[in-house]
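Chemist: Give me a 3D structure for the following:
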Amino acid sequence: MPMTMRKSLQMIALATALGGSAAYAPSAFAIDVDKQIKDIESHPASGPNGEKATLASDLKLSAEEIEKIKAKHAKAAIVMHYTASDWAKAQMAGQKKALEELGVEIVATTDAGYRAEQQVSDIESVMALKPDVMITVPAEQSATAAAYKKAAAAGIKIIFLDQTGAGMKAGKDYVSLVSSDNRGMGKVAALLMAKALDGKGEIGLIPHASDLFATKERVVGFKEAIKDYPDIKIVQETGVGGPDFSSESERVASAMLTAHPNLNGIWAVWDVPTEGVLSAARAAGASKSLVITTCDLGVNISIDMAKKGYVKATGSQRPYGAGYAEGILAGYALLGKDAPPYVVLPALAVTRDNLIEAWPQSNGDQAPKILTDAMN
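Modeler: Residues are numbered from 1 along each chain as shown. Okay, here's the model as predicted:
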């Protein structure tokens, strides 16, 4: 296996670096929380239809298989639900890296702006380019399903990320579904919030108002973990539907802080909504004891964490590794090689203590200077 591919596959292997992941005062919960987090990272949840999770690090292509793929001079299209996040940029970087190593030409990259009707149009436009494979995140399962099925019927091999088109079957309508362990990420964010709050307080939740499997799993995981702390009460839960997730979350968080003046913590579903929560907390002059946790690891929330601000922790995805796995699965499709129906990357627990170390595990490159500077 080429060295570059070997290194990239190693990046999506299970990371064990959690060491001293929380810089909070010791409590009765500390040992249990760390143990639970390590267990979550080692045992990802099943897929949306109960599919057994196959770790992305188990995907393998031999040097001979890679040469066969290169000889095909294949074409790929990347059809995204939206691209306006650090998560999406890391995803696409991983996809492009793997496809480049396999000699697959990317003929289109689209952004639906989180609108299903736009994505249907994007799929139709991409089909005219006759790609061999499509790597895609549905903006909405039901409204896009017919377009995806039409693409599959035309012979395009589809690799889904986070959710599939409604009613579609692995091995028949698509190659594989790749996702982070989103339930595990929600659990990690809850456990680290419980640790930061020393097991007690009032909290608010800002989930995603959508049927997206990945984001639904996050709030399910958060609630599953937080229920073990009876002195932590969820006093408000209000979802955001986008597409301007930051502004909408700012309005929700502002109202939440006003309605609950004793609020101790807020969880938001990913980093972009969390940016809105940060804006609301700053505008309200919220106490620095307010604990914000989330999922994903974007630049802005990481800078706040580095500066010892409101964001205390995140249960992060590994988007670069997920994108790379999607590219490798495109290779499986081009070879006609059996692919696992559900490929997963484990949750990554991140606090200020392991922030710089965790950044490349999540995003595929070294932490930017603006972030390392913020640590000082």
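Chemist: alpha carbons only for contacts and neighbour counts from here, please
Modeler: Noted.
Chemist: Just to check, Leu191 is in contact with Ala225?
Modeler: Yes - using Cα atoms under 8 Å, Leu191 is in contact with Ala225, at 6.4 Å.
Chemist: With neighbour numbers in mind, choose between those two.
Modeler: More crowded of Leu191 and Ala225, by other Cα atoms under 10 Å: Leu191, with 29 against 20.
Chemist: what packs against the helix or strand harbouring the more buried one?
Modeler: Using DSSP states H and E, Leu191 sits within helix 182-196. Under the contact criterion of 3 or more Cα pairs under 8 Å, 6 or more residues apart in numbering; DSSP states H and E, helix 182-196 touches helix 30-42, helix 213-226, strand 291-295, strand 311-316, strand 348-351.
Chemist: at 7 Å instead, please
Modeler: Under the contact criterion of 3 or more Cα pairs under 7 Å, 6 or more residues apart in numbering; DSSP states H and E, helix 182-196 touches helix 30-42, helix 213-226, strand 291-295, strand 311-316.
Chemist: Can you show me the strands along the stretch 201-350 of the chain?
Modeler: All strands of the stretch 201-350 of the chain, identified by DSSP state E, counting those that start in this stretch, fall at 201-206, 232-237, 265-268, 291-295, 311-316, 342-345, 348-351.
Chemist: Asp132 is nearest to which of those strands?
Modeler: Set against Asp132 and scored by Cα to Cα, these come closest in strand 342-345, at 20.7 Å.
Chemist: mean confidence for the closest one?
Modeler: Across strand 342-345, pLDDT averages out at 96.
Chemist: picking up where we left off before, with distance to Tyr324 and mean neighbour count added, can I get the strands of the stretch 201-350 of the chain in TSV?
Modeler: Below are the strands of the stretch 201-350 of the chain laid out as TSV (distance: least, Cα to Cα, whole Å; neighbours: other Cα atoms under 10 Å):
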stretch	distance to Tyr324	mean neighbour count
strand 201-206	30	22
strand 232-237	34	16
strand 265-268	26	28
strand 291-295	20	29
strand 311-316	17	30
strand 342-345	11	27
strand 348-351	17	30
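Chemist: Residues touching stretch 110-121, excluding its own?
Modeler: Identification of contacts with stretch 110-121 by Cα atoms under 7 Å, 6 or more residues apart in numbering yields 78-83, 122, 139-140, 143-144, 147, 243.
Chemist: Let me know the closest of those to Val291.
Modeler: For these, the nearest to Val291 is Pro243 (25.4 Å; Cα to Cα).
Chemist: Which residues are in contact with the closest residue to Ile37 other than its chain neighbours?
Modeler: Ranked by Cα to Cα, 6 or more residues apart in numbering and with sequence neighbours excluded, the top spatial neighbour of Ile37 is Val188, at 6.0 Å. Val188 makes contact with 37, 315, 349, according to Cα under 7 Å, 6+ apart.
Chemist: nearest residue to Gln95 other than its sequence neighbours?
Modeler: Gly323 is the one closest to Gln95 (Cα to Cα, 6+ apart), at 4.3 Å.
Chemist: Quick check: Gln163 is in a helix.
Modeler: No - remark: Gln163 does not belong to a helix; assigned using DSSP: H, G, I helix; E, B strand; the rest coil, it is coil.
Chemist: Isn't it up against Phe213?
Modeler: Yes - the criterion here is Cα atoms under 7 Å, and Gln163 meets it with Phe213 at 5.9 Å.
Chemist: among the contacts of stretch 110-121, who's most crowded?
Modeler: Ranking those using other Cα under 10 Å puts Ala139 first, with 28 neighbours.
Chemist: Show me what the residue lying closest to Asp162 once chain neighbours are set aside bridges to in the sheet.
Modeler: In space, and not counting its chain neighbours, Asp162 is closest to Ser179: 4.7 Å by Cα to Cα, 6+ apart. Beta bridges link Ser179 to Val344, judged by DSSP bridges.
Chemist: How are the helices of the chain distributed by residue range?
Modeler: All helices of the chain, identified by DSSP state H, fall at 3-11, 30-42, 63-71, 86-101, 116-127, 141-153, 182-196, 213-226, 245-259, 271-284, 299-306, 319-335, 355-363, 369-374.
Chemist: What is the fourth one packed up against?
Modeler: So that's helix 86-101. Using 3+ Cα pairs under 7 Å, 6+ apart: helix 86-101 touches helix 319-335.
Chemist: buried stuff in the helix it packs on?
Modeler: 319-334 (16 or more other Cα atoms under 10 Å).
Chemist: starting at the chain centroid, how far to it?
Modeler: Distance of helix 319-335 from the chain centroid (Cα atoms, centre = their mean, to the nearest Å) equals 16 Å.
Chemist: How about stretch 35-49?
Modeler: Its chain's C-alpha centre and that of stretch 35-49 lie 14 Å apart, by Cα atoms, centre = their mean.
Chemist: what about dumping the CA coordinates of it to CSV?
Modeler: Coordinates of each C-alpha in stretch 35-49 appear next as CSV, following Å, rounded to 0.1, in the frame of the first residue of the first chain:
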residue,chain,number,x,y,z
LYS,A,35,-14.1,5.4,31.7
GLN,A,36,-17.5,5.8,30.0
ILE,A,37,-15.9,8.0,27.3
LYS,A,38,-13.3,5.5,26.5
ASP,A,39,-15.9,2.8,26.3
ILE,A,40,-18.0,5.0,23.9
GLU,A,41,-15.0,5.6,21.7
SER,A,42,-14.3,1.8,21.5
HIS,A,43,-17.9,0.7,20.9
PRO,A,44,-19.7,2.8,18.2
ALA,A,45,-23.5,2.5,17.8
SER,A,46,-25.2,0.6,15.0
GLY,A,47,-26.5,2.1,11.8
PRO,A,48,-29.9,3.6,11.1
ASN,A,49,-31.4,0.1,10.3
